Structures are given as structure tokens and as C-alpha cells.
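Student: kindly generate the corresponding structure for this input.
(one chain, ligands or ions: 1)
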Amino acid sequence: MHQAKLTLDPAFKVAPVRRRTFGTFVEHLGRCVYTGIYEPGHPTADEDGFRRDVLELTRELGVSTVRYPGGNFVSGYRWEDGVGPVESRPRRLDLAWHSTETNEVGVDEFVRWCRKAGVEPMMALNLGTRGLESALDLLEYCNHPSGTALSDQRVANGSKEPHGIRMWCLGNEMDGPWQTGHKTAREYGRLAAETARAMRMVDPSLELVACGSSGSGMPTFGAWEATVLEEAYDVVDYISCHAYYEEKNGDLGSFLACSTNMEYFISSVAATADHVGARLKSRKRIDISFDEWNVWYMSRSRDRQPDWPVAPPLLEDHYHLADAVAFGGLLITLLRNSDRVTAASLAQLVNVIAPIMTEPGGRVWRQTTFHPFAQASRLAAGDVLRVEASSPAYETADYGEVPLLHAVATHSDEGTTVFAVNRSADRPLSLEIDTRALGGVRVVEATTLTDTDVYARNTADDPDRIAPRPNADVEHDPARVLLPPVSWNVIRLA
Ligand code: AHR
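Tutor: A predicted model of the protein is given here:
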């Protein structure tokens, strides 16, 4: 057995817990929209065609914001196709996913779904095939109360109240050669700045996200952020990060340590943004919107469909326990960096690399990754605390020496919660928690997500194979909890 220790102290405050850390993403991709959130004719469909079973799990997941409508999809999207009478909406080729888009769902339906789910919409703009004018049009359509051509069109389409969308992504992954309308950093930086400046003429209080890198492994990483921010620093609030991880070549040790890359990504982007800020003599600070993150077996994805199908099953990864533990590590990293990462979007919500899976016309179930997200969203409250951990380390091929324990805590008047991962593939970790600075608190609840088979999954037939279970291996004075190998753990103290 390994031994580790962490110290909780309300003085070790990082930042407030940001509700937007618990954002997700709905893209017109595969079955995320059609037979995901929307399926008229499904036994649970409501009067608008939304699946109530998915709505319920979205609420249970504790989602704060939902980014929409892409992703790669947005870079060829004409938002006008998705408004007005459904029967006259055009079908279009979706170049990003080689599919046919029917446009049965568009911005008005999406915002209606958001209201039902109790989430904040976050809109992405097409800066690939389109640009400034269509961005301004969409903004007017969505947010202007009434009395102009586009706002009156929204009212006529059934949305009397403005959609009130605060957060806007200025394009998607424009650094990627796969992106329709891919640009150089200078070209994109100028376009993002022009678009942002014009949008602020409509509403200076909007929150605008410039595209950062699609991954820290991109050849332009670092230089891209610097150039884009040189152009757009004064007019944007966020720079985005996107990162996906998967177990490669059976190297479980490296995979469970993938949050090491995310930590590096965040600190590099923050340093780059601050460097540009210093050169511009600006007192403003650019935050990070980590608006795509997840485990994704990208190397196994077939992204090219031969015959332009409608809503084909794409990117439908079935997550196992080890995926959920790596995922929990990423969530811990986002929380640990809440001083800088003030918004994030798990990509995606339903069916497409998602915590929620559906059968067309049938059942819905929670993937293994559902649980760390739902627990963290429900229990992270007040302030994020550094936990001053000491832990044995292990050697990984990808990241060198990495601690076995990866943890963070949050603290409020209601109590303190520790979120912790044991990355060891074969040995439990006895975790001692120094609670002296908190006064007379005790462990009131400990749960663990684990299994004897690290590759066990949830399925429609066995939906609760992997779910948090009470952890009875708890001692008091000093507080000590046994974390099984390859496990995600939540420990509540009050
Ligand atoms: O989330 C799936 C895809 O990953 C998104 O469309 C794109 O932005 C990223 O490359």
C-alpha cells in the first residue's frame, strides 16, 4: 500500500469555484442533436420534440453552460438555415462531418432547450466560410429586443424575449488545417478583432472568446496565441484551449497522468497571454475558456462518411473505468486552475464522446465519465483550495515522474470536499488528511468510483456497473481514507 498526505487550510485559496467550469457542448455532429437532445416521436419527447430523459440527465449532470452549434460544424454553418418554419428549412452538406444537416434544430430551438435544461447558452460564430456581417446579424437576431428586421424575425418565429446570449466564441479551431476556412494566426487575429470590435458596438458587455490552439501539440502552439492576442487583446475576454486524451499503446500509466499535459497547456497559455499583455502595457488579464476537453479515442474515429448521411453514429466512445479516472484528473486540473480557467466545456453532452448515451427511440444511460462530472458539479462549492499534497510518484513514458495522488478541495460554510484520484494501476493509496486548520471536522461521506476491471463499462443493459459507491475504509483522528487503485474519490468533511 502507498501512503500520501494532504493538508486542508481555508487560507490556501486559489479562486472561487466557477460555475462555468461545468459547461458542456452540443454540436451538430453525429447523434448529439438528432436522437440526442431532440427526437420527436421518442416516448419521452415533449411538445417541442426534446427528449425528457436526456433533459433529466442533463440536469442531474449539473451542467452550467452549453456551447453550440460547433465545433468544426460551425465553420460552414449558415445560422439563417435553422430559423423560421421547419418545413421550409434547407438541407445542406456538412463538410466537417461529411453528413447532411436537416436544420430541424436551430438557434431558437437550442435556446428553448437550454431554458428547459436550466443552462446558459454559449454561441459559436462561423468565422470560416463567413465572418463579421453574419456574426452581427446573428447577434441582432438573438439579443436585440425588437424593432429591427432581424429581431422582429426572431419575434415572428416565436421567441418574443431576446435570447440574451452573453458568451460568444469567435470561430472554432481556426489554427487547424482541417477547419473549413482555416487561417494563419495573423489573418484570424485580425478577423477576430474586427468581429469583436463590431459586436461590442452592439453590446460592450458581451464575453468574447478568441480561438487559441486546438491542442498543445499543434506546430503553431504558443506563437498562435501570441499573434492572435497581439491583434485582439483589448477586445476579447478569453483565449480558448482544446485538449483530448486517450490511452495509447496500452500505456495506462501515461494515460492516467494526462492531466499533466493539461496543467502544462494552461500555464503556457496563461504565460503567453500575460507576455502579450505586458508588451501592450495592458492592465487587463485574459482568462482561459477550456471549451473542449475530454477523453476521446480519436485514433479510432472514422470521421469521413461515404454518403452524406443524416445524424450517423459518429465519435460514440464507450467509456470504461480508467477513462473516468483520467477524466476525473482533468476535472481536478480545471478546478485547480480556477484562478485562470474561468470557463470550460466538456466536449460533448450526448452520444458524441459524451457522458450521456441514448438509443434512437429507446433507452438512455450514464457513461462512466458522467459520475465525476456530476459529483464535482454538485459538491464543488465556495472556494477552490490548494491541498499541499505529498505523495509517492511513479514513472511515466509521456510525462516522466508523476505523483500517484492528484487532488483538489473546495471549501464553503457548508463544509469541505476533497476530489482525489489514485493513479496507481495496482496499489491502494492510504490518504491522510490534515484537517487541523479547519477545526473539529470529520469525514461525513466518502465515495469511490472503481472496479476490479479497469476496462469495465456501463451499457444500456448494465447501466450502473460503474457508479460511485460508499467507501467504508475511513478512519478518524487523523482522517484517513483508503483510495483503491485506479479510482476517483470524493471525500466530504463537515
Ligand atoms: O468535439 C469534436 C471536435 O473536436 C470538434 O468539432 C472540434 O472543434 C474538435 O476538433
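Student: let me see the ranges of the helices in the protein.
Tutor: The residue ranges that make up the helices of the chain, judged by DSSP state H, are 52-61, 107-117, 132-143, 149-156, 185-202, 223-232, 252-256, 259-279, 321-336, 370-379.
Student: who touches the residue of the chain found nearest the ligand in this structure?
Tutor: Of all residues in the chain, residue 71 sits closest to the ligand, at 2.9 Å by C-beta to the nearest ligand atom. (Each C-beta comes from the backbone N, C-alpha and C, glycine too.) Applying C-beta atoms under 8 Å, 6 or more residues apart in numbering, one finds that residue 71 lies in contact with 25, 27-29, 96, 124, 172, 292, 347-348.
Student: interface residues of the stretch 101-250 of the chain facing the ligand?
Tutor: 172-173, 214 (C-beta under 6 Å from any ligand atom).
Student: looking at the residues you listed, state which has the most neighbours.
Tutor: Scoring those on neighbours with other C-beta atoms under 10 Å, the highest-scoring entry is residue 172 at 32 neighbours.
Student: distance of that one from residue 226?
Tutor: To residue 226, residue 172 is 20 Å away according to C-beta to C-beta, to the nearest Å.
Student: residue 382 too?
Tutor: In terms of C-beta to C-beta, residue 382 sits 35 Å off from residue 226.
Student: same thing with residue 248?
Tutor: Distance, residue 248 to residue 226, by C-beta to C-beta: 30 Å.
Student: and the two? Which one has more around it.
Tutor: Summary of the neighbour comparison: residue 248 and residue 226, criterion other C-beta under 10 Å, with residue 226 having more neighbours (16 against 12).
Student: how about residue 49: what's its closest non-neighbour residue?
Tutor: Among residues not flanking residue 49 along the chain, residue 40 sits closest, at 3.5 Å (C-beta to C-beta, 6 or more residues apart in numbering).
Student: what of residue 377?
Tutor: residue 62 (2.9 Å).
Student: and the pLDDT for that neighbour?
Tutor: Turning to residue 62, the model gives it a pLDDT of 98.
Student: list the contacts for it?
Tutor: Under the criterion of C-beta under 8 Å, 6+ apart, the contact partners of residue 62 comprise 22, 373-374, 377-378.
Student: what number of residues lie near residue 80?
Tutor: 18.
Student: could you count how many residues lie near residue 458?
Tutor: Residue 458: 24 surrounding residues under other C-beta under 10 Å.
Student: surely it touches residue 368?
Tutor: Yes: under the contact definition of C-beta atoms under 8 Å, residue 458 touches residue 368, with a separation of 5.8 Å.
Student: now stretch 341-361: buried residues?
Tutor: 341-358 (16 or more other C-beta atoms under 10 Å).
Student: hey, C-alpha coordinates of it in PDB?
Tutor: In PDB, the C-alpha atoms belonging to stretch 341-361 read as follows (Å, rounded to 0.1, in the frame of the first residue of the first chain):
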ATOM      1  CA  VAL A 341      -9.600  28.900 -16.300                       C
ATOM      2  CA  THR A 342     -12.900  30.600 -15.600                       C
ATOM      3  CA  ALA A 343     -15.000  28.700 -18.200                       C
ATOM      4  CA  ALA A 344     -14.800  25.200 -19.600                       C
ATOM      5  CA  SER A 345     -16.900  22.900 -21.900                       C
ATOM      6  CA  LEU A 346     -16.800  19.200 -21.700                       C
ATOM      7  CA  ALA A 347     -17.000  18.000 -25.300                       C
ATOM      8  CA  GLN A 348     -19.700  16.800 -25.700                       C
ATOM      9  CA  LEU A 349     -23.000  16.200 -23.900                       C
ATOM     10  CA  VAL A 350     -24.900  13.400 -25.600                       C
ATOM     11  CA  ASN A 351     -23.700  10.400 -27.800                       C
ATOM     12  CA  VAL A 352     -20.700  12.100 -29.300                       C
ATOM     13  CA  ILE A 353     -17.800  11.500 -26.900                       C
ATOM     14  CA  ALA A 354     -20.300  12.100 -24.200                       C
ATOM     15  CA  PRO A 355     -21.300  11.400 -20.600                       C
ATOM     16  CA  ILE A 356     -24.900  10.600 -21.700                       C
ATOM     17  CA  MET A 357     -25.800   7.900 -24.300                       C
ATOM     18  CA  THR A 358     -29.100   7.200 -26.000                       C
ATOM     19  CA  GLU A 359     -30.600   4.600 -28.200                       C
ATOM     20  CA  PRO A 360     -32.700   6.100 -31.000                       C
ATOM     21  CA  GLY A 361     -36.300   5.500 -29.900                       C
END
